[in-house]
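Q: With the sequence up front, the predicted model follows.
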Amino acid sequence: MYALEYVVKKYFSDNKKYFDYKKKRFYKKERDFNIELNLNNTVEKLKTRIAKNLLFVSYGRNHDRFMDYATRFLAESNYFGKDAEFKMYQFFSSDEQNNELIKKREEYEKMHKDSVEQKEAKKKYDNLKFHQGKLVHYSTFESHLKNYESWDTPFVIENNAVHVRITFFNGIKKIVTIQRNLMIYFLEDSLHNISRIQIENSGIYLLDSYYTHHKVEFDRSKLFLQQNTSISNDDKAAFKKILPRRLLHHYSPAIQNNLPEFTTFQLLLEKAKKSEKRYENLKVKAEKEKNLDDFIKRNKGRQFKLQFIRKACHLMYFKDSYLQQIKAEGHHKRFHISKDEFNDFSKWMYAFDDTPKYKEYLQELFSQKGFFNNSEYKILFEKSSSLDEMYKRTKINYEEWLKIFNPENKATNKYTLSNYEKFFKNELFYINVPHFIKFLEGKKTLSRNENGNIIYKSLINKDFLIEDYYYKDKLEKVEYQSCGKLYNKLKTVRLEDSLLYELAIYYLEIDNTIIKKVKTNIVELLTKPIVFNINDVQNNHIYDLIIPFNKIDSYVELIKHKEEQEQDKRYKGSSFICNLHSYIENVLVNEIDENKEINLIYKNYIRDKVLSFDDINKINNHLIRNSIMFTKVDLALEEYFILKDFISIKKNNRITFNEIVNLANSYIDEKIRNKAFHFGIPNESYKVILTGIEMKFIQKEIKPIKYSEYNNLSKPLKSVCNALLDTIHNDYFDRKEDDKNRREKANKKYFQNVILGK
C-alpha cells in the first residue's frame, strides 16, 4: 500500500486519484517511506548493535574437541594400560557397517529355523549397540589402529563422557565412566605428576587404588544402612557420594517444597470430580434461569465422563490386557487401536443408552481387542446400561484401585537396599568427582591454595591463551548476579584450553629446559607466519615458503604431494612446488608490466627468494588459467585436422595425438600438450607458445585462400579462430557492448589486426 502511494505521488502527483488516496487511513509520510524503501536490514542491525554496545567477542566452541583429544592422548600413551578397552565406533563408513550387518543377519538366517543356535545368534544381533546410528564396540586403541591407521579419534562421547573397560589388579573388570569434569584430573596427573617415561600404566594404578578406597567406604556405608532404618542428614550427605540418592531418600526423605497436592493417578479422579461438580452447578444455574430442558439438550455432560472412563479403564484393564497378549503372541498391529476404531468407540460410547445396537458394536470391538479377557471389565460393561451408569461404576472401581496401586506405595518399596543389589553388581563403575578429588588430596597429588581453591598446574598456560575469550580473570561480587553463571562456564573452558595447550607442548617432545622459551601466546602464533625451507631432492635450498598458522594442514598436504612426485619416476626427482622458481623466472617475468599481483610476487622472489602461501595460490591459479587457455585451442586444432585429414577411429575407440600427423609435426609438441592437460609447469609462457602456433596456422591454413572477411571463413577455420580470439586476444571484446555486437566487433578486429596483419 505504501509502495502504491509512493509511485502515485512521485509519477502522478497532479492526478486527482492521488489526493483521494491521501485521505485513506494507510497514509505514510514520503520521507519515512523513502527510508524504509532503501533500508538494508543487515546494516541497520549492525548500526543498532554498535550504538547499544552489543558487539562483543564470543567464544563459540562449535568444534569442541576437548574430550576427543584428551581421550586419544590417554589411549595412545597407554595411561590406563595396553589392555584398556575404549568404547568406540566400529566402522568408519556407513557402507562398511551395512555390509557387516548384512553378513551377521545372513549368518543366523542360514541356521536351522527356530533352533537354539539361531535364537542365540539372533539375540546377539538384536543386542548390537549403536550410538547416533553407528555401531559401537569396546576395543583397545592399538587394535583399532591396525584397522584404521589414520582414524585416531573413534571414541564414543555419550552424555559428555567416555567409557573405558579396565581390569583391576584383583581381576575384577569394570567399565569406568569418565565424565568431562573428571577427565581434567586424569590429564593433570598424566601431564604434571608423572614423567614422560612413566606415564604408561600410571592411570590403572591410580584407578585401582581409588577402587579399593571406594570399595571400603561403599561396604561401610552399605553395612550402616543394613543396620539402621533411618539415617541423619549428615550421614546422608556423606553417603550420597557413594550410594544412589533415591536409595538414601528411602532412609532420609528429601525435603521437597512446592510438591503437587495429588499424584498423577489421583489427579485424574480429582479432575473428574471437579468436572462433575461444575456440570451440576451449570444445571442449577440453568434451572434458575428456566432453561434446563434446553441446557440438557445441548449439554448432557458426557464428554468429561467418557474421558475419565477411557483413561481409568486403560490404567486398570486395557494396559494389562494388551501386555498379556503381546507376551503370548508377540507384537502385532491388530492389538493397537486405529484412528477409525477410536472414533467409532467415542461415537458408540456417547449414545449406547439411546441406541441398543451401539452396545453390541462395542462388545464386538472389546472382544476383538481382548479387553474382555479381564472379567472385571466385562462385568462392568455388561451391567452398565448407559454412559452415566458406567461412569459411576468406573469411578467406584478406580477409587478402590488407587488404594492398592498408588504409585507412592510402589515407589516406597522400589528404592530399598535389597532392590539395589543387582545394580551394585553391575559392570559399570561411576566415579563421583568430589569424592575422587578428596581421594587425590589424601594422596597429596592435588592441593589447594590459601583460599581453599584447587591448584591446577596447567593454568600456568592461561597467559598464552587469547585473554578476551574468557571475559575476566576475576569477577567482582556485584557482577555475579548478572553474569556469574557464564563466568564459571568460561573458567572451566579456560582450564580445558590450558590443558590442551600443555598437550600440544607434550607432543612437540622437546627438552624440559627450553619449554619456557617455546611456549608462545596463541595470538602471536595465529598472526605470526612460519617460514619453511623448500629444498629439492638433492637437498639444495631453492626458496623460503611463508605459511600462516591456520594453513599448517595445507602445508603438510603440499609437502606430502612434493614427496610423492619426487618418488615418482615420471617426474625424474622434480616436483611442482620446486619447479615454481622456473615458472616465475621464465614465464611470469614476461607479465610483470601487465599484472600488479604478478609484479609484486616477482619482485619479492627475486629480492629475497621468498614466496607466501597466498603467492603459491595466485601462481597456481595463473598456471591453471593459462593451461585451460592452451587446452581450448589445442582441442579446436585437433578437431580441425581430424576433419581436414579425414582421420577415423581405428582401434581402442579413440584417436591418439600422434595419429593427427599435421598437428603433431608442425604445430604442437606432445610434451607441452601433456603438461598443459595436467597443469604442469612449462618452460615458456603458454601465451607465447599459442601466439607462435597462431601465426603458423594463419600462414598455412587461412592466407592462401585470401578470405575477404571473418564471416567468410569456413566453419572449422572459424572454430579455431574463435578459440584463439577467446583466449590470447580476449582484450578485443568491448565489455560495454551487448553480446551480439561485442562478438561481431571482436571478429572484425581480429580479422584486420591478426589475420590480415594490418
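A: Great, that's in hand.

Q: Output the host helix or strand of residue 304 in CSV, but only the C-alpha positions, please.
A: Using DSSP states H and E, residue 304 sits within helix 303-313. Taking Å, rounded to 0.1, in the frame of the first residue of the first chain, the C-alpha atoms of helix 303-313 are listed here in CSV:
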residue,chain,number,x,y,z
GLN,A,303,-17.5,-35.6,27.4
PHE,A,304,-15.7,-35.5,30.7
LYS,A,305,-17.3,-38.8,31.7
LEU,A,306,-16.1,-40.5,28.6
GLN,A,307,-12.6,-39.0,29.0
PHE,A,308,-12.4,-40.4,32.6
ILE,A,309,-13.8,-43.8,31.6
ARG,A,310,-11.2,-44.1,28.8
LYS,A,311,-8.2,-43.1,30.9
ALA,A,312,-9.2,-45.0,34.1
CYS,A,313,-10.1,-48.2,32.2
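
Q: Between helix 303-313 and the helix or strand that comes right after it, find me the angle.
A: Next helix or strand after helix 303-313 toward the C-terminus (DSSP H and E): helix 319-329. Computed by axes from the mean of the first three to the mean of the last three CA atoms, to 10 degrees, the angle separating helix 319-329 from helix 303-313 equals 40 degrees.

Q: For the following helix or strand past helix 319-329, list every residue counted as buried.
A: Note on helix 319-329: by DSSP H and E, the next helix or strand toward the C-terminus is helix 339-351. For helix 339-351, burial by neighbour count (16 or more other CB atoms under 10 Å) applies to 344, 345, 348, 349, 350. Backbone N, C-alpha and C define where each C-beta goes, glycine included.

Q: Stretch 367-380 too?
A: Quick answer for stretch 367-380 (16+ other CB under 10 Å): 369, 370, 371, 372, 374, 377, 378, 380.

Q: do the same with stretch 649-669
A: For stretch 649-669, using 16+ other CB under 10 Å, the buried residues are 659, 660, 663, 664, 667, 668.

Q: Was I right to think the fifth one contacts residue 637?
A: What that stands for is residue 667. Yes: when contacts are counted by CB atoms under 8 Å, residue 667 is listed as touching residue 637 (6.4 Å).

Q: any common contacting residues for the two?
A: 693, 697 (CB atoms under 8 Å, 6 or more residues apart in numbering).

Q: Would you mind listing where this protein has pLDDT under the threshold?
A: Low-confidence segments of the chain (pLDDT under 70): 1-39, 53-63, 255-261, 331-332, 406-413, 593, 651-652, 758.

Q: returning to that earlier point: from the buried residues of helix 339-351, pick the one nearest residue 154.
A: When the buried residues of helix 339-351 are ranked by distance to residue 154 (CB to CB), residue 345 comes first, at 51.6 Å.

Q: now the closest residue to the closest one other than its chain neighbours, what's its secondary structure?
A: Residue nearest to residue 345 in three dimensions, not counting chain neighbours: residue 365, with 6.5 Å by CB to CB, 6 or more residues apart in numbering. Of the three states, residue 365 takes helix under DSSP: H, G, I helix; E, B strand; the rest coil.

Q: could you list every residue that touches residue 365?
A: Listed by CB under 8 Å, 6+ apart, the contact set of residue 365 reads 341, 344, 345, 348.
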